[in-house]
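Visitor: Predicted model follows, preceded by the sequence.
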Amino acid sequence: MALHKCPKCELNYIREGEDFCEVCKREMKRAQAHIRQVEQESEDDEVILCSECGEAPVVRGGELCISCLKEKKRQVELENASNVAAVEFDDDELLEDDVDLDDEE
């Protein structure tokens, strides 16, 4: 059971079969935890650009930026409004009205 100096710090003694002293082991664990934390923060801070315009960052949990989302919503509302107008003024009903007018003459 011979003692020799820690290869990392060369200050503390360790037993045969151990790689590092307890002080160095704690420092390495702290360093690894810090590296994991920094990596996790950098993943969270990653900026993803809008798939539509490619200029602005996307809203959290989406694929589009706020301005593209507003534009998409506006387009959907316009399509819905045009569909409602088309249903109200169906061409078949207009043709039937013309036939009735012809009969009255």
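Guide: Nice, thanks for sending it over.
Visitor: looking at this, Phe20 is in a strand?
Guide: No - using DSSP: H, G, I helix; E, B strand; the rest coil, the assignment for Phe20 is coil, not a strand.
Visitor: how about the residue nearest in space to the middle of the chain, secondary structure?
Guide: In the chain, the residue lying closest to the centroid (Cα atoms, centre = their mean) is Gly61, at 4.4 Å. Secondary structure for Gly61, judged by three-state DSSP, is coil.
Visitor: Could you check the pLDDT of it?
Guide: pLDDT, Gly61: 80.
Visitor: OK, contacts around it?
Guide: By Cβ atoms under 8 Å, 6 or more residues apart in numbering, Gly61 lies in contact with nothing. Placement of C-beta: from N, CA and C, glycine included.
Visitor: again, but for Val23
Guide: Cys6, Cys9, Asn12.
Visitor: what about Cys6, distance to Glu55?
Guide: From Cys6 across to Glu55, the span is 54 Å (Cβ to Cβ, to the nearest Å).
Visitor: So which of those two has more stuff around it?
Guide: Taking other Cβ atoms under 10 Å, Cys6 and Glu55 do not tie; Cys6 has more neighbours (18 against 10).
Visitor: And the contacts of Val23, which is closest to Val47?
Guide: Among the contacts of Val23, Cys9 lies closest to Val47 (Cβ to Cβ), at 40.6 Å.
Visitor: Next, count neighbours for that closest one.
Guide: Neighbour number of Cys9 under other Cβ under 10 Å is 12.
Visitor: ok, now the one 3 residues further on?
Guide: Taking other Cβ under 10 Å as the neighbour definition, Asn12 ends up with a count of 14.
Visitor: same thing with Glu27?
Guide: Glu27 has 14 nearby residues by other Cβ under 10 Å.
Visitor: low-confidence ranges in this structure?
Guide: Residues of the chain meeting the criterion pLDDT under 70: 1, 43-45, 85-105.
Visitor: which stretches of it form strands?
Guide: 3-5, 13-15 (DSSP state E).
Visitor: contacting residues around the first one?
Guide: With contacts defined as Cβ under 8 Å, 6+ apart, strand 3-5 is touched by Leu11, Asn12, Tyr13, Ile14, Arg15, Glu16.
Visitor: That's all I had, so thanks and see you.
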